[in-house]
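Novice: next one to model:
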Amino acid sequence: MLYTPSTQFNARKPTGAKLALKPVHVWGIRVRLQVASRARDLALFDVALDSKLRGCDLVRLRVSDLLSPTGVKHRVVILQRKTGRPVQFEVTEQARRSIAAWLQLKGLAYDDWLFPSRMKPGCHLSTRQYARLVDKWVCLLGLDPAAYGTHSMRRTKVALLYKKTGNLRACQLLLGHTKLESTVRYLGVEVDDALELSEALEL
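Specialist: Next up, the predicted model:
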């Protein structure tokens, strides 16, 4: 079934935890945004993946959060709106390039929103519009938008990290969760996963 950007947002229904993107999906979306010269979308996509932020925090980023006198920062610390706790994230070389290109194209000032609204001057991109953009990105690959969402962007890197290392504490820190149990639920860690990790330990 082919999904179109004009219909999938209203058609989407809650289906539980949203899937994380696979590396091949990340590459495919990134290439398509680059080819289409969608500088804003590419920067937003890259920052969303690197930051692992909730949508409400992502859309409220300012240029000053990511820009230093010497260029785009390698690491960023922000306060989460939901918890009031600081969370730190890395900014990869790919993201630094796309952010720099977006800043140059848009001519944003230091105190401007990083992703300003195109509809409401002085406001930032809304979380609703961000969700629509995520739908459009996954549709570029022919994926079912009902299976993906803004939390797919948040969990993509940590899901891959957990799969490779089994390090829940690292995932907890990157997600900014206050409790490890929240990270376990968020990543959908099952009993079998825990047992496999335990079996791998040699005492």
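Novice: straight-line length of stretch 60-69, end to end?
Specialist: This stretch, stretch 60-69, spans 21 Å end to end (C-alpha to C-alpha, to the nearest Å).
Novice: check stretch 116-129 too.
Specialist: Across its full length, stretch 116-129 reaches 11 Å between end residues, using C-alpha to C-alpha.
Novice: how far does that stretch sit from the chain's center?
Specialist: Computed by C-alpha atoms, centre = their mean, to the nearest Å, the separation of stretch 116-129 from the middle of its chain amounts to 18 Å.
Novice: low-confidence stretches in this protein?
Specialist: Low-confidence segments of the chain, defined by pLDDT under 70: 1-16, 186, 189-203.
Novice: let me see the ranges of the strands in it.
Specialist: All strands of the chain, identified by DSSP state E, fall at 67-68, 71-72, 75-79, 86-90.
Novice: and the longest helix for this protein?
Specialist: Using DSSP state H, we find that the single longest helix of the chain is helix 150-165.
Novice: name the residues that touch that one?
Specialist: Counting by C-beta atoms under 8 Å, 6 or more residues apart in numbering, the neighbours of helix 150-165 from elsewhere in the structure are 17-21, 23, 26, 45, 48-50, 52-55, 58, 127, 130-131, 134, 138, 167-168, 170-171, 174-175, 186-187, 189. To be clear about C-beta, it is placed using only N, CA and C from the backbone, and glycine gets the same treatment.
Novice: okay, now the closest residue to residue 20 other than its chain neighbours: neighbour count?
Specialist: In space, and not counting its chain neighbours, residue 20 is closest to residue 159: 3.9 Å by C-beta to C-beta, 6 or more residues apart in numbering. Applying the criterion other C-beta atoms under 10 Å, we find 19 residues in the vicinity of residue 159.
Novice: next: the one 10 residues further on.
Specialist: Per other C-beta under 10 Å, the neighbour tally for residue 169 reads 9.
Novice: so it sits against residue 180, correct?
Specialist: Yes - between residue 169 and residue 180 there is a contact at 7.0 Å, judged by C-beta atoms under 8 Å.
Novice: now do residue 22 against residue 143, distance only.
Specialist: Residue 22 sits 10 Å away from residue 143, taking C-beta to C-beta, to the nearest Å as the criterion.
Novice: who has more neighbours, the two?
Specialist: When neighbours are counted by other C-beta under 10 Å, residue 22 and residue 143 differ, and residue 143 comes out ahead with 20 against 13.
Novice: who's in contact with that one?
Specialist: The contact partners of residue 143, by C-beta under 8 Å, 6+ apart, come to residue 25.
Novice: what's the spacing between it and residue 137?
Specialist: With the distance defined as C-beta to C-beta, residue 143 ends up 9 Å from residue 137.
Novice: do residue 26 as well
Specialist: Distance from residue 26 to residue 137, counting by C-beta to C-beta: 10 Å.
Novice: more neighbours, those two?
Specialist: Taking residue 26 and residue 137 together and counting by other C-beta under 10 Å, residue 137 has the greater number of neighbours (28 against 20).
Novice: ok, for the more buried one, nearest residue in space, not its chain neighbours?
Specialist: Ranked by C-beta to C-beta, 6+ apart and with sequence neighbours excluded, the top spatial neighbour of residue 137 is residue 29, at 4.9 Å.
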